[in-house]
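Visitor: Take this sequence and fold it.
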Amino acid sequence: MELLLPGGRTLNDVFQIQLEEARKKAGRDEPLDGFTAALSVLPHPAPSVEVAALSGLTEAEVADICSDLAPGIRLAGEGIGFADEDFEEFIRTIAASHLPDVRSSRRSASFNGTTSINMPPCTWPRLCMPQAEAGNS
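Guide: Coordinates of the predicted model:
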């Protein structure tokens, strides 16, 4: 890909800068790690209440992160999605290492009854099984 900005930045460099700015606003890595992992496994547009439940965040924190990651993230009504395929691929790539944490959160949310939503039996292969198995389905 051709370099986009003076100083030789690629599109992924621009996305990384945006993500680091959002991390600074959050004050720690965990909120963004959970958000990106949850968003990468849910069908889109992903309901913000489900992103919040899977990531361990409040709906207000999810809304703040969406705002921080705009225009790459689109918030339409109660649904969250990606503005384009380039940003989606970037988020999915960085979220890959955090998928086990989200899977673990989802299992806990399903059985402990403490979430504000009723999470049905797992129907999303990327969320229910390890990545190696998900590729075989």
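Visitor: Show me where this structure has its strands.
Guide: 46-47, 73-76, 79-82 (DSSP state E).
Visitor: quick one: average confidence on the shortest one?
Guide: The predicted model assigns strand 46-47 a mean pLDDT of 94.
Visitor: biggest helix in the chain, by residue count?
Guide: The single longest helix within the chain, with elements called by DSSP state H, is helix 11-26.
Visitor: Counting by contacts, list what that one packs against.
Guide: Here helix 11-26 is seen to pack against helix 30-41, helix 59-69, helix 85-95 when contacts are counted using 3 or more CB pairs under 8 Å, 6 or more residues apart in numbering; DSSP states H and E. For the C-beta atoms, the positions are set from N, CA and C on the backbone; glycine is no exception.
Visitor: Let me have those in TSV, adding mean pLDDT, mean neighbour count and distance to Leu19 as columns.
Guide: Converted to TSV, these look like this (pLDDT from 0 to 100; neighbours: other CB atoms under 10 Å; distance: least, CB to CB, whole Å):
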stretch	mean pLDDT	mean neighbour count	distance to Leu19
helix 30-41	89	24	7
helix 59-69	92	18	7
helix 85-95	93	17	7
